[in-house]
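Visitor: How does the following fold in three dimensions:
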Amino acid sequence: MLVKTYSSSVYGIEATTITVEVNISAGTRYYIVGLPDNAVKESLQRIESAIMTIGYRMPRQKIVVNLAPANIRKEGSAYDLSIALGILAASGQISSEKLSDYLIMGELSLDGKTQSIKGALPTAVQAKIDGFKGLILPEANAREAAVVQQLEVIPARSLREIVDFCEDRVTIAPLIIDIEQEFRQNLHKHETDFADVKGQENIKRALEIAAAGGHNVILIGPPGAGKTMLAKRLATILPPLTLGESLETTKIHSVAGQLNRNISLMTSRPFRAPHHTTSDVALVGGGTNPQPGEISLAHNGVLFLDELPEFKRSVLEVMRQPLESRSITISRARFSIDYPASFMLIAAMNPCPCGYYNHPEKECTCGSSVVQRYLSKISGPLMDRIDLHVEVTPVNFKELSEPRMAEKSVVIRERVMHARSRQEKRFENIDSVYSNAQIDAKMLREVCIIDENSKQLIKSAMDRLGLSARAYDRILKVARTIADMGDSDHIQAEHIAEAIHFRSLDRDNW
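Guide: Model (predicted):
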(Lines give C-alpha, C1' and ligand atoms only; values in the text may rest on other atoms or scores of the structure.)
Protein backbone atom coordinates (compact mmCIF):
# COMPACT_ATOMS: atom_id res chain seq x y z
CA MET A 1 0.00 0.00 0.00
CA LEU A 2 1.27 3.47 -0.93
CA VAL A 3 0.81 6.41 1.46
CA LYS A 4 2.07 9.98 1.15
CA THR A 5 2.94 12.31 4.01
CA TYR A 6 4.56 15.72 3.79
CA SER A 7 7.65 17.14 5.42
CA SER A 8 10.07 19.99 4.73
CA SER A 9 13.73 20.70 4.01
CA VAL A 10 15.40 24.02 4.79
CA TYR A 11 17.99 25.55 2.43
CA GLY A 12 19.45 28.86 3.43
CA ILE A 13 16.56 30.50 5.26
CA GLU A 14 13.84 29.17 2.94
CA ALA A 15 12.00 25.84 3.15
CA THR A 16 11.01 23.36 0.44
CA THR A 17 8.13 20.92 0.89
CA ILE A 18 9.21 17.29 0.70
CA THR A 19 6.77 14.50 -0.17
CA VAL A 20 7.43 11.37 1.88
CA GLU A 21 6.17 8.38 -0.12
CA VAL A 22 5.96 5.08 1.78
CA ASN A 23 5.21 1.85 -0.05
CA ILE A 24 4.97 -1.56 1.66
CA SER A 25 5.06 -4.71 -0.47
CA ALA A 26 6.28 -8.31 -0.38
CA GLY A 27 9.88 -8.61 0.72
CA THR A 28 12.08 -8.27 3.79
CA ARG A 29 14.28 -5.15 3.48
CA TYR A 30 13.94 -1.44 4.26
CA TYR A 31 15.03 1.26 1.80
CA ILE A 32 15.20 5.05 2.01
CA VAL A 33 15.84 6.77 -1.33
CA GLY A 34 15.87 10.39 -2.53
CA LEU A 35 19.41 11.52 -1.64
CA PRO A 36 19.23 10.97 2.15
CA ASP A 37 22.26 11.65 4.34
CA ASN A 38 23.34 9.31 7.17
CA ALA A 39 21.03 10.93 9.73
CA VAL A 40 18.03 10.21 7.47
CA LYS A 41 19.17 6.64 6.73
CA GLU A 42 19.52 5.92 10.44
CA SER A 43 15.97 7.08 11.08
CA LEU A 44 14.55 3.57 10.47
CA GLN A 45 16.23 2.28 13.65
CA ARG A 46 14.78 5.16 15.69
CA ILE A 47 11.38 4.75 14.05
CA GLU A 48 11.23 0.97 14.64
CA SER A 49 11.98 1.38 18.34
CA ALA A 50 9.47 4.25 18.69
CA ILE A 51 6.68 2.32 16.91
CA MET A 52 7.20 -0.80 19.02
CA THR A 53 7.43 1.24 22.25
CA ILE A 54 3.95 2.73 21.74
CA GLY A 55 2.44 -0.73 21.14
CA TYR A 56 2.29 -0.90 17.34
CA ARG A 57 4.26 -3.23 15.05
CA MET A 58 6.98 -2.54 12.53
CA PRO A 59 6.02 -4.33 9.28
CA ARG A 60 8.37 -7.23 8.42
CA GLN A 61 7.97 -6.58 4.72
CA LYS A 62 9.72 -4.58 2.03
CA ILE A 63 9.41 -0.89 2.93
CA VAL A 64 10.48 1.73 0.42
CA VAL A 65 10.56 5.36 1.58
CA ASN A 66 11.06 7.93 -1.17
CA LEU A 67 11.78 11.55 -0.31
CA ALA A 68 10.69 13.63 -3.29
CA PRO A 69 11.92 15.59 -5.14
CA ALA A 70 14.71 13.05 -5.32
CA ASN A 71 17.31 15.46 -6.71
CA ILE A 72 17.48 17.53 -3.49
CA ARG A 73 19.82 16.41 -0.72
CA LYS A 74 17.91 15.53 2.49
CA GLU A 75 19.76 16.15 5.73
CA GLY A 76 19.01 15.82 9.42
CA SER A 77 16.61 13.89 11.61
CA ALA A 78 13.48 16.00 11.17
CA TYR A 79 11.85 13.45 8.82
CA ASP A 80 11.43 10.80 11.55
CA LEU A 81 7.86 11.68 12.50
CA SER A 82 6.51 11.90 8.94
CA ILE A 83 8.19 8.60 7.94
CA ALA A 84 6.85 6.83 11.06
CA LEU A 85 3.28 7.98 10.41
CA GLY A 86 3.65 6.99 6.75
CA ILE A 87 4.76 3.47 7.73
CA LEU A 88 1.89 3.07 10.20
CA ALA A 89 -0.64 4.28 7.60
CA ALA A 90 0.82 2.19 4.74
CA SER A 91 0.64 -0.94 6.91
CA GLY A 92 -3.03 -0.23 7.73
CA GLN A 93 -2.48 0.35 11.45
CA ILE A 94 -3.76 3.93 11.42
CA SER A 95 -5.94 6.02 9.12
CA SER A 96 -4.23 8.12 6.46
CA GLU A 97 -7.16 10.53 6.12
CA LYS A 98 -5.65 13.43 8.11
CA LEU A 99 -2.06 13.04 6.97
CA SER A 100 -2.46 14.92 3.70
CA ASP A 101 -3.79 18.02 5.51
CA TYR A 102 -0.66 18.58 7.59
CA LEU A 103 3.01 19.14 7.03
CA ILE A 104 4.79 16.94 9.60
CA MET A 105 8.24 17.48 11.13
CA GLY A 106 10.01 16.03 14.14
CA GLU A 107 12.83 13.84 15.40
CA LEU A 108 11.89 10.73 17.41
CA SER A 109 13.56 9.29 20.47
CA LEU A 110 13.68 5.52 20.93
CA ASP A 111 10.79 5.79 23.41
CA GLY A 112 8.62 7.69 20.91
CA LYS A 113 9.08 11.19 22.39
CA THR A 114 9.65 14.07 19.96
CA GLN A 115 12.86 16.10 19.89
CA SER A 116 13.28 19.70 18.69
CA ILE A 117 14.25 20.52 15.12
CA LYS A 118 15.83 23.44 13.29
CA GLY A 119 14.01 25.77 10.90
CA ALA A 120 10.48 25.56 12.32
CA LEU A 121 9.60 29.13 11.31
CA PRO A 122 10.56 28.92 7.61
CA THR A 123 8.84 25.51 7.52
CA ALA A 124 5.63 27.06 8.87
CA VAL A 125 5.84 29.90 6.34
CA GLN A 126 6.19 27.40 3.48
CA ALA A 127 3.36 25.24 4.84
CA LYS A 128 1.02 28.22 4.68
CA ILE A 129 2.19 29.12 1.16
CA ASP A 130 1.60 25.55 -0.04
CA GLY A 131 -1.94 25.54 1.33
CA PHE A 132 -1.63 23.02 4.16
CA LYS A 133 -4.26 23.12 6.89
CA GLY A 134 -1.62 22.97 9.56
CA LEU A 135 1.78 21.90 10.81
CA ILE A 136 2.57 19.04 13.22
CA LEU A 137 5.91 19.46 14.96
CA PRO A 138 7.61 18.99 18.36
CA GLU A 139 6.20 20.97 21.26
CA ALA A 140 9.61 22.62 21.76
CA ASN A 141 9.30 24.34 18.35
CA ALA A 142 5.60 25.17 18.47
CA ARG A 143 5.89 28.77 19.68
CA GLU A 144 8.17 29.92 16.87
CA ALA A 145 5.97 28.20 14.25
CA ALA A 146 2.80 29.71 15.74
CA VAL A 147 4.05 33.13 14.68
CA VAL A 148 2.60 32.29 11.24
CA GLN A 149 -1.05 33.26 11.34
CA GLN A 150 -3.96 31.29 9.83
CA LEU A 151 -2.08 28.00 10.16
CA GLU A 152 -2.93 25.28 12.70
CA VAL A 153 0.21 24.53 14.70
CA ILE A 154 -0.21 21.17 16.45
CA PRO A 155 2.39 20.67 19.22
CA ALA A 156 3.49 17.03 19.42
CA ARG A 157 5.00 15.60 22.59
CA SER A 158 5.19 12.03 21.33
CA LEU A 159 4.43 9.69 18.45
CA ARG A 160 1.64 8.16 20.54
CA GLU A 161 -0.07 11.54 20.90
CA ILE A 162 -0.01 12.20 17.15
CA VAL A 163 -1.25 8.68 16.34
CA ASP A 164 -4.20 9.25 18.70
CA PHE A 165 -4.78 12.64 17.05
CA CYS A 166 -4.86 11.03 13.57
CA GLU A 167 -7.27 8.36 14.84
CA ASP A 168 -9.54 11.03 16.43
CA ARG A 169 -9.06 9.53 19.87
CA VAL A 170 -7.77 12.82 21.25
CA THR A 171 -8.11 16.46 20.27
CA ILE A 172 -4.99 18.60 20.32
CA ALA A 173 -5.74 22.31 20.43
CA PRO A 174 -3.63 24.33 17.95
CA LEU A 175 -1.21 26.73 19.61
CA ILE A 176 -2.30 30.32 18.98
CA ILE A 177 -0.09 33.35 19.60
CA ASP A 178 -1.05 36.99 19.24
CA ILE A 179 2.00 38.03 17.25
CA GLU A 180 1.44 41.78 17.61
CA GLN A 181 0.99 41.56 21.38
CA GLU A 182 4.05 39.32 21.66
CA PHE A 183 6.02 41.80 19.55
CA ARG A 184 4.95 44.87 21.55
CA GLN A 185 5.34 43.20 24.96
CA ASN A 186 9.04 42.40 24.58
CA LEU A 187 10.06 45.24 22.27
CA HIS A 188 11.94 47.40 24.79
CA LYS A 189 13.46 44.73 27.03
CA HIS A 190 17.24 45.07 27.36
CA GLU A 191 19.63 43.63 29.92
CA THR A 192 22.14 46.48 29.52
CA ASP A 193 21.85 50.27 29.46
CA PHE A 194 24.08 53.23 28.71
CA ALA A 195 23.15 54.58 32.15
CA ASP A 196 25.58 51.98 33.58
CA VAL A 197 28.56 53.68 31.89
CA LYS A 198 30.34 56.36 33.90
CA GLY A 199 32.00 59.14 31.93
CA GLN A 200 33.09 58.48 28.32
CA GLU A 201 30.72 61.13 26.96
CA ASN A 202 32.77 61.53 23.80
CA ILE A 203 32.53 57.78 23.09
CA LYS A 204 28.81 57.75 23.78
CA ARG A 205 28.41 60.58 21.31
CA ALA A 206 30.34 58.62 18.68
CA LEU A 207 28.18 55.52 19.21
CA GLU A 208 25.04 57.65 19.00
CA ILE A 209 26.23 58.99 15.64
CA ALA A 210 27.03 55.43 14.50
CA ALA A 211 23.55 54.23 15.50
CA ALA A 212 21.85 57.23 13.88
CA GLY A 213 23.51 56.67 10.50
CA GLY A 214 24.13 52.91 10.58
CA HIS A 215 27.88 53.52 10.49
CA ASN A 216 30.54 50.95 11.31
CA VAL A 217 32.83 51.98 14.15
CA ILE A 218 36.15 50.95 15.68
CA LEU A 219 37.18 51.72 19.26
CA ILE A 220 40.91 52.04 20.00
CA GLY A 221 42.16 52.27 23.55
CA PRO A 222 44.11 50.65 26.39
CA PRO A 223 42.86 47.63 28.38
CA GLY A 224 40.15 48.46 30.90
CA ALA A 225 39.07 51.72 29.24
CA GLY A 226 35.51 50.43 28.70
CA LYS A 227 35.54 49.48 25.01
CA THR A 228 33.66 46.20 25.46
CA MET A 229 31.20 47.68 27.96
CA LEU A 230 30.30 50.46 25.51
CA ALA A 231 30.08 48.12 22.52
CA LYS A 232 27.64 45.78 24.29
CA ARG A 233 25.25 48.69 24.78
CA LEU A 234 25.15 49.84 21.16
CA ALA A 235 22.20 47.58 20.31
CA THR A 236 20.12 49.25 23.05
CA ILE A 237 20.11 52.61 21.24
CA LEU A 238 19.35 51.29 17.75
CA PRO A 239 15.77 51.81 16.52
CA PRO A 240 13.42 48.97 17.54
CA LEU A 241 12.97 46.14 15.08
CA THR A 242 10.00 46.42 12.77
CA LEU A 243 7.70 43.39 12.60
CA GLY A 244 9.15 42.45 9.21
CA GLU A 245 12.73 42.70 10.50
CA SER A 246 11.78 40.67 13.58
CA LEU A 247 10.34 37.85 11.46
CA GLU A 248 13.39 37.80 9.19
CA THR A 249 15.79 37.77 12.14
CA THR A 250 13.80 35.04 13.89
CA LYS A 251 13.88 32.94 10.75
CA ILE A 252 17.70 33.03 10.61
CA HIS A 253 18.06 32.04 14.26
CA SER A 254 15.44 29.32 13.78
CA VAL A 255 17.45 27.80 10.93
CA ALA A 256 20.58 27.90 13.10
CA GLY A 257 18.72 26.21 15.97
CA GLN A 258 19.48 29.08 18.35
CA LEU A 259 15.97 30.04 19.45
CA ASN A 260 14.92 29.42 23.04
CA ARG A 261 11.82 27.24 23.24
CA ASN A 262 10.02 30.00 25.17
CA ILE A 263 10.66 32.57 22.44
CA SER A 264 8.25 32.87 19.55
CA LEU A 265 9.64 36.07 18.05
CA MET A 266 12.93 37.93 18.40
CA THR A 267 12.11 41.48 19.41
CA SER A 268 15.59 42.76 20.34
CA ARG A 269 18.29 43.43 17.81
CA PRO A 270 20.87 40.62 17.91
CA PHE A 271 24.33 41.24 19.34
CA ARG A 272 26.96 38.73 18.24
CA ALA A 273 30.50 38.68 19.61
CA PRO A 274 32.54 35.78 18.14
CA HIS A 275 35.93 34.99 19.69
CA HIS A 276 39.03 36.00 17.75
CA THR A 277 39.88 32.31 17.14
CA THR A 278 36.76 31.89 14.97
CA SER A 279 37.17 30.50 11.45
CA ASP A 280 36.11 32.17 8.22
CA VAL A 281 33.35 29.55 7.70
CA ALA A 282 31.99 30.18 11.20
CA LEU A 283 31.91 33.91 10.44
CA VAL A 284 30.31 33.91 6.98
CA GLY A 285 28.43 30.59 7.10
CA GLY A 286 28.49 27.43 5.03
CA GLY A 287 30.01 24.09 5.97
CA THR A 288 29.12 20.52 4.99
CA ASN A 289 25.60 21.06 6.29
CA PRO A 290 25.12 24.75 5.39
CA GLN A 291 24.43 26.99 8.37
CA PRO A 292 24.24 30.79 8.77
CA GLY A 293 27.45 32.34 10.06
CA GLU A 294 27.95 35.03 12.68
CA ILE A 295 27.46 37.85 10.17
CA SER A 296 24.00 36.46 9.31
CA LEU A 297 23.10 35.80 12.94
CA ALA A 298 23.90 39.51 13.46
CA HIS A 299 21.49 40.50 10.65
CA ASN A 300 19.51 43.62 11.64
CA GLY A 301 21.77 43.95 14.67
CA VAL A 302 25.38 44.36 15.77
CA LEU A 303 28.49 42.26 15.11
CA PHE A 304 31.18 42.97 17.71
CA LEU A 305 34.77 41.94 17.01
CA ASP A 306 36.86 42.40 20.13
CA GLU A 307 40.68 42.37 19.84
CA LEU A 308 40.38 42.97 16.10
CA PRO A 309 44.09 42.54 15.18
CA GLU A 310 44.07 39.09 16.80
CA PHE A 311 41.61 37.73 14.22
CA LYS A 312 43.21 35.83 11.35
CA ARG A 313 43.71 38.01 8.27
CA SER A 314 41.64 35.62 6.10
CA VAL A 315 38.71 35.84 8.55
CA LEU A 316 38.65 39.64 8.42
CA GLU A 317 38.98 39.81 4.64
CA VAL A 318 35.87 37.67 4.01
CA MET A 319 33.79 40.42 5.60
CA ARG A 320 34.64 43.00 2.98
CA GLN A 321 32.03 41.94 0.43
CA PRO A 322 29.16 41.39 2.95
CA LEU A 323 29.79 44.83 4.45
CA GLU A 324 29.07 46.36 1.05
CA SER A 325 26.33 44.09 -0.34
CA ARG A 326 24.66 43.29 3.02
CA SER A 327 24.24 39.64 2.01
CA ILE A 328 26.50 36.63 1.62
CA THR A 329 26.34 33.95 -1.07
CA ILE A 330 27.77 30.55 -0.14
CA SER A 331 28.63 28.70 -3.35
CA ARG A 332 29.76 25.09 -3.43
CA ALA A 333 29.79 22.40 -6.09
CA ARG A 334 26.42 21.01 -4.97
CA PHE A 335 24.59 24.14 -3.85
CA SER A 336 24.44 27.92 -3.71
CA ILE A 337 22.76 29.61 -0.75
CA ASP A 338 22.09 33.26 0.02
CA TYR A 339 22.04 34.49 3.61
CA PRO A 340 21.15 38.09 4.57
CA ALA A 341 23.92 39.97 6.39
CA SER A 342 22.85 43.56 7.02
CA PHE A 343 24.67 44.33 10.25
CA MET A 344 26.53 47.12 11.99
CA LEU A 345 30.16 46.31 12.65
CA ILE A 346 31.72 47.53 15.88
CA ALA A 347 35.33 46.56 16.50
CA ALA A 348 37.62 47.11 19.45
CA MET A 349 41.38 46.93 19.68
CA ASN A 350 44.38 47.93 21.75
CA PRO A 351 46.62 50.52 20.07
CA CYS A 352 49.66 48.25 20.34
CA PRO A 353 50.68 44.84 21.73
CA CYS A 354 51.28 46.18 25.24
CA GLY A 355 48.12 48.30 25.03
CA TYR A 356 49.50 51.66 26.18
CA TYR A 357 50.47 53.53 23.02
CA ASN A 358 49.25 57.16 23.32
CA HIS A 359 48.21 56.48 26.94
CA PRO A 360 48.06 59.73 29.00
CA GLU A 361 49.81 58.20 32.02
CA LYS A 362 51.43 54.82 31.31
CA GLU A 363 54.45 54.39 29.06
CA CYS A 364 54.31 52.19 25.97
CA THR A 365 57.05 49.55 25.77
CA CYS A 366 56.56 48.88 22.05
CA GLY A 367 58.80 50.40 19.40
CA SER A 368 57.26 52.44 16.59
CA SER A 369 57.84 49.62 14.09
CA VAL A 370 56.07 47.16 16.41
CA VAL A 371 53.09 49.51 16.70
CA GLN A 372 52.86 49.93 12.91
CA ARG A 373 53.15 46.20 12.35
CA TYR A 374 50.37 45.60 14.87
CA LEU A 375 48.06 48.15 13.25
CA SER A 376 48.83 46.87 9.74
CA LYS A 377 47.18 43.55 10.60
CA ILE A 378 43.97 45.33 9.63
CA SER A 379 43.97 45.85 5.87
CA GLY A 380 43.24 49.17 4.17
CA PRO A 381 40.19 47.82 2.27
CA LEU A 382 38.60 46.72 5.55
CA MET A 383 39.33 50.07 7.18
CA ASP A 384 37.72 51.71 4.14
CA ARG A 385 34.43 50.26 5.33
CA ILE A 386 34.67 51.65 8.87
CA ASP A 387 33.39 55.22 9.14
CA LEU A 388 34.22 56.16 12.73
CA HIS A 389 37.59 55.68 14.42
CA VAL A 390 37.20 56.51 18.10
CA GLU A 391 40.04 56.78 20.59
CA VAL A 392 38.96 55.57 24.04
CA THR A 393 40.82 56.93 27.07
CA PRO A 394 40.58 55.59 30.64
CA VAL A 395 37.93 57.02 32.96
CA ASN A 396 39.34 59.04 35.87
CA PHE A 397 38.37 58.50 39.51
CA LYS A 398 36.20 61.59 39.70
CA GLU A 399 33.95 60.37 36.90
CA LEU A 400 33.85 56.82 38.29
CA SER A 401 32.75 58.04 41.73
CA GLU A 402 30.13 60.44 40.37
CA PRO A 403 26.79 59.47 42.01
CA ARG A 404 24.67 61.05 39.28
CA MET A 405 23.10 58.54 36.90
CA ALA A 406 24.18 58.81 33.26
CA GLU A 407 21.74 59.27 30.39
CA LYS A 408 19.58 56.18 29.75
CA SER A 409 19.58 54.24 26.50
CA VAL A 410 15.88 54.97 25.90
CA VAL A 411 16.59 58.72 25.81
CA ILE A 412 19.48 58.30 23.37
CA ARG A 413 17.37 55.97 21.23
CA GLU A 414 14.71 58.66 20.79
CA ARG A 415 17.30 60.97 19.23
CA VAL A 416 18.60 58.14 17.03
CA MET A 417 15.10 57.35 15.80
CA HIS A 418 14.51 61.01 14.99
CA ALA A 419 17.66 61.11 12.82
CA ARG A 420 16.70 57.81 11.15
CA SER A 421 13.25 59.18 10.29
CA ARG A 422 14.89 62.01 8.34
CA GLN A 423 16.96 59.47 6.42
CA GLU A 424 13.96 57.25 5.69
CA LYS A 425 12.19 60.23 4.15
CA ARG A 426 15.31 61.14 2.13
CA PHE A 427 15.71 57.63 0.71
CA GLU A 428 12.03 56.62 0.46
CA ASN A 429 12.22 56.32 -3.33
CA ILE A 430 15.54 54.47 -3.40
CA ASP A 431 15.56 50.69 -3.01
CA SER A 432 17.91 49.03 -0.51
CA VAL A 433 19.15 52.34 0.97
CA TYR A 434 17.87 53.09 4.46
CA SER A 435 20.64 55.03 6.16
CA ASN A 436 23.51 57.39 5.41
CA ALA A 437 26.07 54.60 5.75
CA GLN A 438 24.61 52.92 2.64
CA ILE A 439 25.12 55.91 0.35
CA ASP A 440 27.23 55.04 -2.70
CA ALA A 441 29.77 57.33 -4.38
CA LYS A 442 27.29 58.69 -6.93
CA MET A 443 24.61 59.44 -4.37
CA LEU A 444 27.17 61.02 -2.06
CA ARG A 445 27.60 64.00 -4.41
CA GLU A 446 23.83 64.59 -4.40
CA VAL A 447 23.15 64.11 -0.68
CA CYS A 448 26.31 65.48 0.91
CA ILE A 449 26.66 68.94 -0.64
CA ILE A 450 29.03 71.20 1.30
CA ASP A 451 29.88 74.89 1.04
CA GLU A 452 33.28 76.42 0.36
CA ASN A 453 34.13 76.86 4.04
CA SER A 454 33.55 73.15 4.67
CA LYS A 455 35.68 72.21 1.70
CA GLN A 456 38.54 74.32 3.01
CA LEU A 457 38.14 72.71 6.44
CA ILE A 458 38.45 69.19 4.99
CA LYS A 459 41.40 70.25 2.86
CA SER A 460 43.15 71.77 5.85
CA ALA A 461 42.49 68.65 7.93
CA MET A 462 43.86 66.36 5.25
CA ASP A 463 47.01 68.47 4.98
CA ARG A 464 47.65 69.08 8.69
CA LEU A 465 46.51 65.78 10.20
CA GLY A 466 47.70 63.56 7.38
CA LEU A 467 44.23 62.20 6.65
CA SER A 468 44.14 59.75 3.77
CA ALA A 469 42.11 60.23 0.61
CA ARG A 470 39.80 57.36 1.58
CA ALA A 471 38.75 59.38 4.65
CA TYR A 472 37.06 62.05 2.49
CA ASP A 473 33.86 60.10 1.66
CA ARG A 474 33.61 58.75 5.19
CA ILE A 475 33.82 62.24 6.66
CA LEU A 476 31.00 63.43 4.40
CA LYS A 477 28.72 60.49 5.34
CA VAL A 478 29.30 60.96 9.05
CA ALA A 479 28.83 64.75 8.72
CA ARG A 480 25.50 64.13 6.97
CA THR A 481 24.39 62.00 9.93
CA ILE A 482 25.50 64.64 12.45
CA ALA A 483 23.52 67.22 10.48
CA ASP A 484 20.45 64.97 10.59
CA MET A 485 20.82 64.65 14.35
CA GLY A 486 20.80 68.45 14.55
CA ASP A 487 17.77 68.80 12.24
CA SER A 488 19.93 70.60 9.69
CA ASP A 489 19.08 70.29 5.98
CA HIS A 490 22.61 71.29 5.02
CA ILE A 491 26.02 70.13 6.18
CA GLN A 492 27.71 72.91 8.14
CA ALA A 493 31.39 73.42 9.01
CA GLU A 494 30.83 72.29 12.61
CA HIS A 495 29.41 68.97 11.35
CA ILE A 496 32.50 68.46 9.21
CA ALA A 497 34.76 69.31 12.16
CA GLU A 498 33.13 66.72 14.40
CA ALA A 499 33.29 64.07 11.67
CA ILE A 500 37.04 64.77 11.22
CA HIS A 501 37.51 64.31 14.96
CA PHE A 502 36.36 60.68 14.60
CA ARG A 503 39.08 59.61 12.14
CA SER A 504 41.86 58.72 14.59
CA LEU A 505 43.49 55.95 12.56
CA ASP A 506 43.94 58.20 9.53
CA ARG A 507 46.22 60.59 11.43
CA ASP A 508 50.00 60.56 11.03
CA ASN A 509 50.72 59.48 14.61
CA TRP A 510 48.74 56.31 13.98
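
Visitor: What's the mean pLDDT across the top strand by length along the chain?
Guide: Of all the segments of type strand in the chain, defined by DSSP state E, the longest one is strand 14-25. Across strand 14-25, pLDDT averages out at 94.

Visitor: quick one: the strands in the stretch 351-500 of the chain?
Guide: 388-391 (DSSP state E, counting those that start in this stretch).

Visitor: Can you pull out the low-pLDDT segments for it?
Guide: 468-470 (pLDDT under 70).

Visitor: could you pull out the strands for the stretch 1-150 of the chain?
Guide: Assigned by DSSP E, counting those that start in this stretch, the strands in the stretch 1-150 of the chain fall at 2-11, 14-25, 30-33, 62-68, 102-104, 107-108, 114-115, 134-138.

Visitor: now swap in the stretch 151-300 of the chain and tell me
Guide: For the stretch 151-300 of the chain, the strands defined by DSSP E, counting those that start in this stretch cover 152-156, 217-220, 271-272, 285-286, 291-292.

Visitor: Tell me which of those strands approaches Met485 most closely.
Guide: Closest approach to Met485 among the strands of the stretch 151-300 of the chain (CB to CB): strand 217-220, 15.2 Å. Every residue, glycine included, has its C-beta placed from N, CA and C.

Visitor: That closest one pairs with which strands, parallel or anti?
Guide: Counting by DSSP bridges, the strands paired with strand 217-220 are strand 344-349 (parallel), strand 388-391 (parallel).

Visitor: Include mean neighbour count and distance to Tyr102 when you put these into TSV, please.
Guide: Listed next are those as TSV, based on neighbours: other CB atoms under 10 Å; distance: least, CB to CB, whole Å:
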stretch	mean neighbour count	distance to Tyr102
strand 344-349	25	40
strand 388-391	23	51
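
Visitor: Show me the one of those strands that comes nearest Gly34.
Guide: Using CB to CB, those put strand 344-349 closest to Gly34, at 41.3 Å.

Visitor: between the strands of the stretch 151-300 of the chain, which has the poorest average model confidence?
Guide: strand 285-286 (a mean of 84).

Visitor: That one: how far from the chain's middle?
Guide: On the basis of CA atoms, centre = their mean, to the nearest Å, strand 285-286 sits 13 Å off its chain's mean C-alpha point.

Visitor: In JSON lines: the strands paired with strand 217-220, plus distance to Tyr356.
Guide: As requested, the strands paired with strand 217-220 are exported to JSON lines (distance: least, CB to CB, whole Å):
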{"stretch": "strand 344-349", "distance to Tyr356": "13"}
{"stretch": "strand 388-391", "distance to Tyr356": "13"}
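
Visitor: Any idea which of the ones you listed gets closest to Gln200?
Guide: strand 388-391 (9.9 Å).

Visitor: Enumerate every residue touching the nearest residue to Ala120 once chain neighbours are set aside.
Guide: Excluding its sequence neighbours, the residue lying closest to Ala120 (CB to CB, 6 or more residues apart in numbering) is Asn141, at 3.8 Å. By CB atoms under 8 Å, 6 or more residues apart in numbering, the contact list for Asn141 reads Met105, Ser116, Ile117, Ala120, Arg261.

Visitor: Drop anything exposed from these.
Guide: Met105, Ser116, Ile117, Ala120 (16 or more other CB atoms under 10 Å).

Visitor: Narrow those to those in helices?
Guide: Among these, the members found in helices (DSSP state H) are Ala120.

Visitor: export the buried ones among the contacts of Asn141 to TSV and tack on distance to Gln149 and pLDDT?
Guide: Shown next, in TSV, are the buried ones among the contacts of Asn141 (distance: CB to CB, whole Å; pLDDT from 0 to 100):
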residue	distance to Gln149	pLDDT
Met105	19	95
Ser116	22	92
Ile117	21	93
Ala120	15	93
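
Visitor: Looking at the buried ones among the contacts of Asn141, which one is closest to Thr236?
Guide: Taking those together and measuring to Thr236 by CB to CB, the closest member is Ala120, at 28.2 Å.

Visitor: Please look at the closest one and Glu139 and confirm they touch.
Guide: No - contact between Ala120 and Glu139 fails when scored by CB atoms under 8 Å: they sit 11.0 Å apart.
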